[in-house]
Structure formats: structure tokens, C-alpha cells
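> Below are the sequence and a predicted model; questions follow.
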Amino acid sequence: MAESNFKTNIQFRLMKTFITITLCLCMLNIHAQIGIGTTSPTSTLDIRGSLSLNYRAFTASTTAASTDNHLLFTGTSAATVTLPDATACAGRIYSIKNASTTNPLPVLTIATTSAQTIDASTSWLLNDSKEIITIISDGSNWNIISSGTQKTRNNYVLVQSAADLPAPVAGIITLAAGTTYEVNGTIILTSKINLNGCYLVGMDANNDKLIYTPGSGELFTGTKGGTMKTLTLAAITTGSKLFNLDLGATENLICRDNVIANCKDVGLVKGGYIVFFSVINYSGNLNGITYQDNTNLLLDNTAWFSTNSNTFEKMVGTFTIIEKLGGFSHSMLTLSATALDISGITSITDAGNLKNTAFLGTGTRVSGSFSGKWEVEAPGLPTEKDDVAAGNIYLTTITTTTFSAVNTPTKILCTTTAVGLFRVSSSVTNRLLYDGLKTRRFAVVASLSVTAQAANKTFSFYIFKNGVRLPESEQAMRLSTGVDKGSLTISCTIQLSTNDYIEVWAANTSDASSMTVETLNVTIR
């Protein structure tokens with residue numbers, strides 16, 4: 001019996017020791033690292049898999065509960081989410097987002113309890129669309145550990161294929177009004193596009209392309225304007241055009257920072273209030289562009305390379321303003337190229353300006369003549385502007401000039417021929433008329449030689465403007481004998497406006513006897 005008790009006691013002690021060791025090992029494991037999905041955790045809690053946290057959407061004011069983690073506000077009017085006591089939940093984390101789609105956006109206020117703070121503020125506002133904040137309790141107050149606005153563009157479409165554009169109706173893709181379409185990559189199109197006032201843009205014209213492939217029709221069609229920017233545009237099949245637009249009177253078309261290449265026909269842009277093409281690279285186009293009846297046509301730094309054929313730019317009809325500034329046009333005879341055709345312009349109401357555009361190459365540079373509305377200062381072309389208006393007349397037939405009375409001026413009689421006229425005309429003998437539009441000052445020089453009928457005659461000579469004597473121009477001459485021939489020069493500066501004219505007049509200040517002007521040469525410039 002004693003031996004049996006001894007054995008039982010030993011077994012009890014061994015079991016007790018085993019249990020104690022097991023409990024100690026368990027305690028050590030609890031205070032070490034826990035792995036889920038791994039037997040070798042590397043952090044206090046190591047999860048090798050997905051993690052689910054509680055999510056709750058709300059539409060009106062609410063209180064963040066101990067069961068919440070992500071709170072998403074989707075209401076239509078302002079609301080408040082109240083945080084719990086930070087002292088009772090140290091380490092707790094909430095993520096709160098204003099995801100309302102109402103416009104204007106309702107404000108979501110994050111409030112605290114017991115005068116606690118959020119990053120030292122008594123409350124926090126989420127007043128931007130998609131704005132989000134993540135906060136943590138430090139045992140006394142709340143601290144922001146991340147925040148931001150996850151903004152996306154409204155009225156925006158990323159176009160990576162033709163399917164991203166609106167579905168065509170009767171072969172026409174009508175873009176949604178007020179929308180920006182960003183082209184990303186090369187888009188092959190078999191339907192036309194109605195811009196409908198939209199923005200059609202790329203980020204890199206070398207890689208963001210719209211290519212129209214049918215053998216008829218045009219890529220851009222209709223009566224609506226819009227903006228095309230930072231794209232390569234092409235209509236590459238015979239029979240097709242890039243543009244065939246007939247814009248309404250108030251429509252604006254803006255095409256800038258684009259490459260227009262390898263088109264069979266760049267096409268027609270007709271009508272519109274403002275048509276603006278800026279920083280365009282044209283290359284490899286078989287036929288160029290026609291501008292017709294645009295109110296304000298603005299062409300800025302367009303580059304026509306020598307690989308383009310036929311007529312580059314043609315202007316037809318009526319315009320209020322034409323501005324072509326900068327850039328270059330390199331036309332080649334071998335490609336039958338004409339850089340600019342203005343022969344079809346019927347009228348320009350205000351002004352045409354062609355400045356700092358370099359005209360290069362062996363082809364035709366300009367077809368047609370610039371009217372007086374134009375100012376042309378372009379390398380490769382003669383300068384044409386009112387500032388260089390000039391004209392000259394000279395005597396070709398001698399006629400005796402008679403006087404009605406002593407010291408009474410009369411217009412010198414003779415026949416003159418005009419030469420070197422630019423924006424100056426001479427439809428009447430002994431007259432130069434200014435045809436330019438800008439009022440400007442001219443230097444006038446008149447040289448002449450005179451004979452009298454008898455000795456001791458004195459004469460005065462003048463420049464008359466519009467039939468009125470200019471006293472500052474007076475020059476006098478005395479002929480001592482009847483065979484004397486006197487010569488003099490008149491010079492003065494005069495201001496002329498459109499259709500003002502000048503003539504040379506004379507007066508006999510000794511009596512009413514006649515005189516003969518044998519030579520006369522008058523220049524204004």
C-alpha cells in the first residue's frame with residue numbers, strides 16, 4: 001500500500017510539472033508573434049492574405065461606433081459624424097470619406113466629444129469631392145495619419161479606342177457637349193466626328209493620333225466648332241478629307257499644337273467667327289486647306305514643309321480680319337506647290353496681316369495680288385504696306401500755262417506719266433493720289449524747269465493738297481531774259497489720308513503773262 005501511494009505521488013508531480021511547462025510555453029507564444037497563413041511570422045501580427053475591415057455608408061449625421069472602421073458619406077445635405085471618446089479607445093483608427101455626388105457638394109463635419117481635438121482642431125471639414133481622412137486615437141485626442149482628395153475630372157473621357165467615343169449615328173460621332181476627350185494612343189476611325197464645341201486633346205502629338213481611313217467623306221464635319229490640341233490628324237485614303245466644316249456664324253474652331261500629315265486633302269474650313277490654327281506641323285499632304293468666309297482667320301506659326309504638294313493654303317470669299325504670323329512655307333516646283341493662294345478673296349473688311357512668315361523653295365510663293373488692306377512683311381516676299389507707299393510722275397508733253405491775273409495760282413499744265421506706283425495712283429495729269437488706308441506723312445520732292453514769254457518775270461511755285469495751297473512749300477524764281485530757263489526744286493513734308501492728292505501749281509507774281517514748264521518730276525514716298 002505504501003509503495004502504491006508513492007508511485008501515485010510521483011505521477012502526480014510529473015503531470016503537474018508537464019502542465020506548468022506547457023502553460024509557460026503558451027504564455028510565451030501569446031506575447032511573441034502571431035502568423036496567419038504563415039508559420040514564420042515577422043511582425044506581431046503577420047497576415048499572409050486578405051484583410052476585411054468593417055465598412056458602413058451613411059447619408060445623415062451619425063456617431064462612429066466601436067464596430068466601424070471605414071465610414072463613407074453619400075448624403076445629399078450637410079451632415080456630421082461624431083467620434084467617440086478618445087480616452088476610451090486608444091489606438092483605434094477610422095477612415096472617413098465624403099463620397100457625395102450632389103452638386104454643390106454637401107459638407108461633412110467630423111466632430112469630437114468632451115472638447116477633444118483632431119490635430120489640435122475642435123472639428124474637421126471634408127468639403128472637397130472624394131476627400132478622405134484617416135485618424136487614430138492617442139488615448140487623449142485624435143490625430144490625422146493621412147488625408148487627401150481623390151479628385152477626378154467631370155465631363156472627361158479617356159479615349160483609347162474608337163469604342164470610347166459616343167456611338168456613331170448615320171456615320172457621325174457627335175461628341176457630348178462640354179466634354180473633354182483625351183486621346184491616348186492611335187485611334188483608327190471609320191466614322192466622321194462632329195466636334196460639337198468639345199475639346200479633343202492628346203498629351204503627345206507624336207503618339208496620340210486620329211487616323212481617318214475611309215475612301216470618302218471627312219474626319220471633321222458639321223456646323224459646330226471646338227478645340228483640337230496636341231494630336232496627329234490624318235485622312236490617309238484617296239477621296240477623303242480631314243476637314244469639311246461649314247461653321248455657324250458664332251462658332252469658334254481652334255486647332256493648335258497639332259501634326260497634320262499624309263492627308264490626301266486637308267480640306268475646307270468655311271464660316272465661323274474665329275478660326276485659329278496655331279503651331280501646326282504640315283507634312284506629306286497631297287492637297288492643302290481652304291479657308292472660306294471666316295470672320296476672323298488667325299494663323300500663327302504654321303509650318304508647311306517641302307514634302308507638301310499643290311496649294312498649301314487658299315483663302316476664298318469674305319473676311320473681316322486675316323492674320324498670318326510666323327512660321328514658314330517651303331513650296332517646291334517638283335511637287336507643283338503653291339504656298340499661298342489669295343486670288344479668291346473678294347473682300348477684307350478690316351485688315352490682312354502677313355508678317356514674319358518665311359517663304360522658301362522653288363515653287364510658287366503667292367498666287368494673286370495683295371489688296372490695300374494687307375500689310376506684308378515676310379522673308380521671301382516684297383514688302384507691301386502703307387508705310388512704303390510711293391509714286392512718281394514726270395512730264396511727257398509740254399503745254400503753256402496761262403494765268404488769269406497777277407499773283408493768282410493755277411495748276412501747271414502739261415501731260416505727265418506715272419511710274420513706280422505703290423498704293424498711289426495718278427488718273428489725272430500732274431496729280432498723285434494716295435490709295436492707302438493708314439494716314440501717314442510723306443516726303444514730297446518736285447523738280448522743274450521753266451521758260452517765260454518775256455524778260456524780268458518772277459514766278460512762285462507750290463504744292464497743293466486737295467486743291468489747297470501749302471504755304472510752307474513755296475519756292476520763287478526770277479527769269480531775267482525771255483530766253484532764260486530757270487530750274488528749282490520744291491520739297492516739303494505732308495500728311496495724307498486715303499484719297500488725298502497733291503499737284504504742282506504756280507503763280508506769276510509780276511504780271512499775268514504765261515510760262516512754259518519744260519520738265520517736271522514729282523515724287524512722294
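Nice, thanks for sending it over. Numbers count the residues shown, from 1 in each chain.

> show me where the stretch 1-150 of the chain has helices.
Counting by DSSP state H, counting those that start in this stretch, residue ranges of the helices within the stretch 1-150 of the chain are 2-30.

> low pLDDT regions in it?
The model of the stretch 1-150 of the chain has pLDDT under 70 over residues 1-32, 150.

> can you do 50?
Counting by pLDDT under 50, the stretch 1-150 of the chain contains low-confidence ranges at 1-4, 6-7, 14, 23-29.

> which ones are touching residue 474?
By CB atoms under 8 Å, 6 or more residues apart in numbering, the contact list for residue 474 reads 460, 461, 462. From N, CA and C alone the C-beta is placed, and that goes for glycine too.

> ok, so of those residues, who is nearest residue 187?
Set against residue 187, the nearest of the contacts of residue 474 by CB to CB is residue 462 (73.8 Å).

> neighbours of the closest one, just the number please.
For residue 462, the count of nearby residues is 23 (other CB atoms under 10 Å).

> contacting residues around it?
Residue 462 touches 409, 469, 470, 471, 473, 474, 475, 490, 504, 505, 506, 507, counting by CB under 8 Å, 6+ apart.

> top of these by neighbour count?
Greatest neighbour count in the contacts of residue 462, by other CB under 10 Å, goes to residue 504: 25 neighbours.

> Now tell me what touches stretch 289-299 from outside.
For stretch 289-299, using CB under 8 Å, 6+ apart, the contacting residues are 243, 249, 266-278, 312-325, 327.

> In ChimeraX, how would I select just the buried ones from the residues you listed?
Command for ChimeraX, covering only those of the contacts of stretch 289-299 found buried under the criterion 16 or more other CB atoms under 10 Å:
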select :243,266,267,268,269,270,271,272,273,274,275,276,277,278,312,313,314,315,316,319,321,322,324,325,327
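
> Among the contacts of stretch 289-299, which are located in strands?
243, 267-271, 274-278, 312-325 (DSSP state E).

> Compute the number of surrounding residues for the residue nearest to residue 364 when sequence neighbours are not counted.
Nearest residue to residue 364 in three dimensions, chain neighbours excluded: residue 338, at 4.1 Å (CB to CB, 6 or more residues apart in numbering). As a burial measure, residue 338 scores 22 neighbours (other CB under 10 Å).

> ok, residue 338 - contacts?
Residue 338 makes contact with 310, 311, 312, 331, 363, 364, 365, 366, 367, according to CB under 8 Å, 6+ apart.

> let's see 6 Å
By CB atoms under 6 Å, 6 or more residues apart in numbering, the contact set of residue 338 is 311, 364, 367.

> Residue 310 versus the second one, what's the distance?
As judged by CB to CB, to the nearest Å, residue 364 and residue 310 stand 10 Å apart.

> cool, the last one as well?
Here the criterion is CB to CB. By it, residue 367 lies 11 Å from residue 310.

> When these two are compared, which one has more neighbours?
Taking other CB under 10 Å, residue 367 and residue 310 do not tie; residue 310 has more neighbours (17 against 14).

> Among the contacts of residue 462, which lie within strands?
When DSSP E defines the strands, the subset of the contacts of residue 462 inside them is 469, 475, 490, 504, 505, 506, 507.

> Could you dump these into a markdown table and include distance to residue 45 and pLDDT?
Output for those, formatted as a markdown table (distance: CB to CB, whole Å; pLDDT from 0 to 100):
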| residue | distance to residue 45 | pLDDT |
| --- | --- | --- |
| 469 | 108 | 97 |
| 475 | 111 | 97 |
| 490 | 107 | 97 |
| 504 | 109 | 98 |
| 505 | 111 | 98 |
| 506 | 115 | 98 |
| 507 | 117 | 97 |
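
> could the residues you listed be laid out in JSON lines, adding distance to residue 523?
Shown next, in JSON lines, are the ones in strands among the contacts of residue 462 (distance: CB to CB, whole Å):
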{"residue": "469", "distance to residue 523": "20"}
{"residue": "475", "distance to residue 523": "16"}
{"residue": "490", "distance to residue 523": "11"}
{"residue": "504", "distance to residue 523": "12"}
{"residue": "505", "distance to residue 523": "17"}
{"residue": "506", "distance to residue 523": "18"}
{"residue": "507", "distance to residue 523": "23"}
